[in-house]
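# need a structure here:
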Amino acid sequence: MAGHEIPEPADRKQVADAMSDPQAVEETRHSCDPAFRHGVVVGFDGSTSSERALAYAIGMARRSGSGLIIVHVANRLPTTVWAGCEPPVFVDVPDHRTEVLGLELACADYLCEVPWVLVERGGDICHELEEVGREYSADAIVVGSTHGIVGRIFGSVAGRLARRAQRPVVVIP
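Residues are numbered from 1 along each chain as shown. Have a look, this model is predicted:
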């Protein structure tokens, strides 16, 4: 459209410059759909305990009239396991499980009652669930309990999350 100028709105906010305010850039990077603000975050990996947690979280979101944020945390392994280098560097291991879980959830009839979104993260499960909860200003985080010897030796995700989270944590047995 040669010869025509589109005027800038008077109330337009300045876009954050990466050099001037790193926190503003961090906030814009983690923007989320406002429809899911104050929703319910649920950790889901397809296990029986996470399916129970999902069922509870669906009911909780439906009763509160909020959205459901389903979080799958992909695996990360330290490169020191392979290369023996120092300090440890983490490598994301390809995890196609998120795609499979997304397809299963998209076909599930029980999720038609609430708006939901699937978020994939990589890293420590407790940290990532709390981080997603913070980003979405979640009202609660729902997780399934750990059954087995691994949870008893290293501590369960639910126990570690309940000790460190800044919002309510609901642990489903």
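
# Just the buried positions in stretch 157-171, please.
157-162, 165, 169-171 (16 or more other C-beta atoms under 10 Å). All C-beta atoms are positioned from the backbone trio N, CA, C, and that covers glycine.

# May I ask which helix or strand encompasses the nearest residue to residue 131 once chain neighbours are set aside?
Nearest non-adjacent residue to residue 131, counting by C-beta to C-beta, 6 or more residues apart in numbering: residue 121, 7.5 Å away. Following DSSP states H and E, one finds residue 121 within strand 116-122.

# In strands, which of the buried residues of stretch 157-171 fall?
Using DSSP state E, the members of the buried residues of stretch 157-171 that fall within strands are 169-171.

# what's the closest of those to residue 111?
For those, the residue nearest residue 111 by C-beta to C-beta is residue 170; the value is 18.4 Å.

# tell me which residues form a beta bridge with that closest one?
When bridges are taken as DSSP bridges, the partners of residue 170 come out as residue 142.

# For the residue nearest to residue 131, grab the count of nearby residues.
17 (other C-beta atoms under 10 Å).

# quick revisit: identify the farthest-apart pair in the buried residues of stretch 157-171.
With distances taken as C-beta to C-beta, the most widely separated pair in the buried residues of stretch 157-171 is 160 and 170, at 14.9 Å.

# re the thing from before, need the buried residues of stretch 157-171 in a markdown table with distance to residue 97, can you?
Formatted as a markdown table, the entries for these read as follows, by distance: C-beta to C-beta, whole Å:
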| residue | distance to residue 97 |
| --- | --- |
| 157 | 16 |
| 158 | 20 |
| 159 | 24 |
| 160 | 22 |
| 161 | 21 |
| 162 | 25 |
| 165 | 24 |
| 169 | 23 |
| 170 | 24 |
| 171 | 23 |
